[in-house]
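Trainee: Okay, predicted coordinates and the sequence, questions at the end:
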Amino acid sequence: MDFSLVSGGYIGVDIFLVISGFLISRLLLDEFEKNGAISLRQFYARRVRRLLPISSFVLLVTALLGLIILEPTRINNLGDDIWAAGLFSANIVFASRGADYLNSELPPSPIQHFWSLAVEEQFYLIWPTVIFVLLILARKYWRHIALVATLAAIAVSLWASWKQTPLHPSWSYYGLHTRAWQLCCGALLAMTTRKTSIPHRLPATAVAWTSLLAIAYAMYTYDHSTVFPGTAALVPTLAAVGLLWSQGNWFGSQIVLDNSVAQWIGSRSYSIYLWHWPLIVLAITLRDDDKVTMVGAVLLALILSEIGYRIIENPIRHSIRIRQHAKRAFAIGLACIGLTIGTGLAISHATFTVGSGIAERANFSDTSYLNAAILNQVLPRNIQPSLPNASDGKPLIYRNGCHISLQRLSETATIPKNCVFGDLESATTVALFGNSHAAQWFVPLEKIARSESWRLRTLTASACSFLSGSNPNVYCDAWRRNVIQAISDQQIKVVIISDFFASVPDDTDISRTQWWTEELPLTISALRAAGAEPIILLDTPRPPEDTPTCLSSHPNDIQLCGPTTKSLSKWATISQAIESVATQTGVAVIDPTNWFCLNEICPPIVGDLLVYRDGHHMADLFASQLEQLLGNTLIPLVDQATR
C-alpha cells in the first residue's frame with residue numbers, strides 16, 4: 001500500500017523531532033531564567049496535560065473502529081500496538097516487527113505513527129533530567145557542560161544512525177538511539193540562540209528559502225529505496241534547524257507561515273498528527289488504495305482535529321483547577337495510561353472465528369488435489385494453521401538459529417554450525433542454499449533426507465540471494481563467499497538453490513531477468529568449482545497480498561487471494577531465463593508451479609490447509625505435504641549427481 005502523496009513524505013517526522021527538541025529545551029531554559037530552577041514535577045504535569053488526554057482518546061476510538069473495520073488477522077497486532085503506545089514504547093514494537101523479515105510486509109498498523117511520539121516521550125524522560133542534574137551539580141558551568149554534552153550526543157547518535165541504518169534499518173528508523181541527534185539539534189539551537197538577536201533579514205531569507213528548497217527536494221526525491229535515516233536525514237534535519245534559526249524574519253514568511261491557514265494548522269498540528277494516520281489506514285482498508293480515499297481521510301482528520309482541539313485538548317490543557325494541582329494532572333495521566341493499556345491487552349488477547357464448514361485433508365500423492373481446490377470459494381472453519389497464527393508456522397531452522405535473519409548477519413557473516421539434519425552419518429550430503437524462499441522447502445526436504453538417508457545441510461539467510469549483486473544487507477556478499485567455502489570444506493556434492501524471484505539487484509539499471517541471466521552462470525561455476533552440483537528449485541507462485549489478511553477479508557470468495565494470471569506471467573520471464581541458462585550449463589531445474597496451480601488458477605487453500613503463511617512464503621503444513629511430489633523429481637537427480 002502506498003499512502004504518500006509525495007514519495008518522501010516521511011521526512012515530516014524529522015522536522016517534528018527537531019522542533020520538539022527546540023521547544024522543550026527553550027521552555028526549560030526560560031523556566032530556569034525566570035525562576036532560577038527547573039521543576040520536573042511541573043514539567044511532566046504540563047506534558048501529561050498536553051499529550052495524554054487527546055492521544056488516549058484517539059487510541060480508544062481507533063481500537064473501536066479497528067474492531068469493526070480491520071480484518072481479524074490484524075486485530076491482535078492492533079491490540080499490541082495500543083498497549084505499547086500506552087507504555088510509550090510503540091517504536092520498540094514496530095522496530096521489532098519490522099526487523100522480522102517475514103512480518104515486515106504486513107499491512108501497516110493504524111497507529112504506526114505513534115512510534116515518533118514514543119521517541120519524543122522517551123526523550124522527555126531523559127533530557128529534562130539531564131538538565132536538572134547539571135543545574136544541581138554544576139550550576140556555575142552547566143551551560144558549557146550542557147553544550148558539550150549535547151554536541152557529544154549529536155555526534156554519537158548521528159554516528160550510530162550512519163553505521164546502523166544499512167545493517168539494521170528497522171531499529172535505526174524507529175530507535176531513540178538513532179533519532180536522538182535530531183532532537184538534540186533542536187536543543188542545541190535553543191541553547192545557542194536564546195540570548196541572541198533576531199538574524200538580519202537578508203541572511204535569514206537565504207537560510208530559510210534554502211531550507212524550504214531542501215525540504216522540498218527530500219520530499220520529492222527520497223522514497224522507499226533511500227537508506228534512511230542514516231546520513232540522508234541530515235537534509236530535512238538541518239533544513240528544520242535553518243527555518244527555526246531564521247525566526248520568521250525572512251522575505252515571504254508572512255505568506256508561507258503567518259497566514260490564517262498556516263496558523264490554524266500549526267495550532268492544531270498535534271491533533272492532526274494523531275488523527276490522520278488511523279483514518280487513512282482504516283479508510284483504505286474499506287476502500288481501494290487511491291488518492292481520493294486518502295484526501296477524504298485527511299479532510300476528516302482535519303474536522304476531528306478541530307473538534308478534539310476544542311473539547312479535549314484546550315479544556316484540559318488550560319484548566320485552572322488542573323494547572324494549579326500537578327497531582328490532578330498525574331491522576332488524569334495514570335487514568336489515560338491504564339485505560340489505554342487495558343484496552344490494548346484485551347484486544348491483543350481476543351480470539352476470532354473466521355470461515356464456515358469443515359474441510360477434509362487432501363491427498364497429495366499427485367496433483368489431483370488441485371481439481372477440487374480451484375473450485376472451492378469458501379474459507380473452511382478448520383483451516384490449518386488458523387489465520388491469526390499463520391505467520392508463526394515457520395520451519396524449525398528459524399527457531400534453532402540455522403536460518404540467519406537479516407539482523408543476525410555480522411561482519412564475519414559466520415555460517416551456523418551443527419545445522420545438519422537427516423542421516424548424520426550418511427556419505428551423501430545435500431545442501432539447501434538461498435534466502436527464505438529456499439528455507440521454506442526445509443520441511444519436505446528434511447523428510448526426504450530421512451527417508452533417503454541423506455545428510456541435509458542448511459545454508460540459508462533471509463533476503464540474501466544466492467546470486468551476487470543483491471545486497472539488502474551489506475554482509476550478504478560475505479555470507480555468500482562463506483557459504484561457497486563451507487560447501488568446499490565440507491565436501492558437499494549436491495546443492496539445491498532457490499530464491500525469491502522478487503529479489504532486487506543492486507544495479508537498478510538492469511532488469512531482474514538480465515540480472516539472473518548474467519549472475520546465474522557465475523554462481524553455477526562457483527558451486528562446481530567448490531565440488532558441488534547445483535539443482536535449481538524455481539520459486540513458488542506469488543499471491544497478490546498477505547494471504548491470511550486477504551482470506552479474512554474474503555471468506556466467501558477465497559480465490560481472489562491466490563496468485564493471479566498476471567503474476568504468473570510476470571515471473572515466468574525469470575523462469576524462462578533460468579531454464580535457458582540451465583540448458584546451456586547442463587543444470588537440472590525443478591519447477592513447482594504445477595503443484596500450486598491448475599489452468600492458471602492457484603488456490604490459496606487446499607483441503608483444510610493454508611497454502612501461504614504470508615504474502616509469498618509457503619505455510620509449513622502445506623509444504624510438508626509436498627514431500628512425495630518433490631521427492632519424485634529430486635531423488636533421481638541427487639542419485640545421478642552422487643554416482
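Mentor: It's in.
Trainee: can we go C-alpha only for contacts and neighbour counts from here?
Mentor: Noted.
Trainee: what mean pLDDT does stretch 426-433 have?
Mentor: Mean per-residue pLDDT for stretch 426-433: 96.
Trainee: in that stretch, what's buried?
Mentor: Across stretch 426-433, burial judged by 16 or more other C-alpha atoms under 10 Å covers 428-433.
Trainee: Stretch 145-154 too?
Mentor: The neighbour-count criterion (16+ other C-alpha under 10 Å) identifies 145-146, 150-151, 153-154 as the buried residues of stretch 145-154.
Trainee: quick revisit: distance to residue 394 and secondary structure added to the buried residues of stretch 426-433, as a markdown table?
Mentor: As requested, these are arranged in a markdown table below (distance: C-alpha to C-alpha, whole Å; DSSP: H, G, I helix; E, B strand; the rest coil):
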| residue | distance to residue 394 | secondary structure |
| --- | --- | --- |
| 428 | 26 | coil |
| 429 | 24 | strand |
| 430 | 21 | strand |
| 431 | 19 | strand |
| 432 | 16 | strand |
| 433 | 17 | strand |
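Trainee: Between those, which sits nearest residue 29?
Mentor: The closest of those to residue 29 turns out to be residue 433 (C-alpha to C-alpha; 58.6 Å).
Trainee: Any idea what the closest one is bridged to?
Mentor: On the basis of DSSP bridges, residue 433 is bridged to residue 459, residue 497.
Trainee: What are the neighbouring residues in contact with it?
Mentor: 458-460, 466, 495-498 (C-alpha atoms under 8 Å, 6 or more residues apart in numbering).
Trainee: Out of those residues, give me the one that has the most neighbours.
Mentor: Greatest neighbour count in those, by other C-alpha atoms under 10 Å, goes to residue 460: 33 neighbours.
Trainee: ok, now how distant is that residue from residue 400?
Mentor: 13 Å (C-alpha to C-alpha, to the nearest Å).
Trainee: biggest separation within the contacts of residue 433, which pair?
Mentor: Farthest apart among the contacts of residue 433 by C-alpha to C-alpha are 458 and 466. That separation is 12.9 Å.
Trainee: that older thread, can you redo the buried residues of stretch 145-154 as TSV with secondary structure and distance to residue 34?
Mentor: Below are these laid out as TSV (DSSP: H, G, I helix; E, B strand; the rest coil; distance: C-alpha to C-alpha, whole Å):
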residue	secondary structure	distance to residue 34
145	helix	21
146	helix	19
150	helix	23
151	helix	25
153	helix	27
154	helix	28
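Trainee: Which residue comes closest to residue 413 once chain neighbours are left out?
Mentor: If the residues on either side of it in the chain are set aside, residue 413 comes closest to residue 479, at 4.8 Å by C-alpha to C-alpha, 6 or more residues apart in numbering.
Trainee: Could you look up the SS state of that neighbour?
Mentor: helix (DSSP: H, G, I helix; E, B strand; the rest coil).
Trainee: ok, now how distant is it from residue 437?
Mentor: Distance of residue 479 to residue 437, computed by C-alpha to C-alpha: 16 Å.
Trainee: And for residue 163?
Mentor: Counting by C-alpha to C-alpha - residue 163 and residue 437 are separated by 28 Å.
Trainee: now swap in residue 258 and tell me
Mentor: Counting by C-alpha to C-alpha, the gap from residue 258 to residue 437 is 55 Å.
Trainee: between those two, who's got more neighbours?
Mentor: Between residue 258 and residue 437, residue 437 has the larger neighbour count (other C-alpha under 10 Å), namely 26 against 13.
Trainee: In which helix or strand does the more buried one reside?
Mentor: helix 436-439 (DSSP states H and E).
Trainee: Same check on residue 471?
Mentor: For residue 471, there is no host helix or strand (DSSP H and E).
Trainee: Let's see the pLDDT reported for it.
Mentor: pLDDT, residue 471: 81.
Trainee: residues near it, how many?
Mentor: Neighbourhood size, residue 471 [other C-alpha under 10 Å]: 17.
Trainee: what do you get for residue 636?
Mentor: Counted with other C-alpha under 10 Å, residue 636 comes out at 10.
Trainee: Same question for residue 363.
Mentor: Using other C-alpha under 10 Å, residue 363 has 13 other residues around it.
Trainee: ditto for residue 48
Mentor: Around residue 48 sit 21 other residues, with neighbours defined as other C-alpha under 10 Å.
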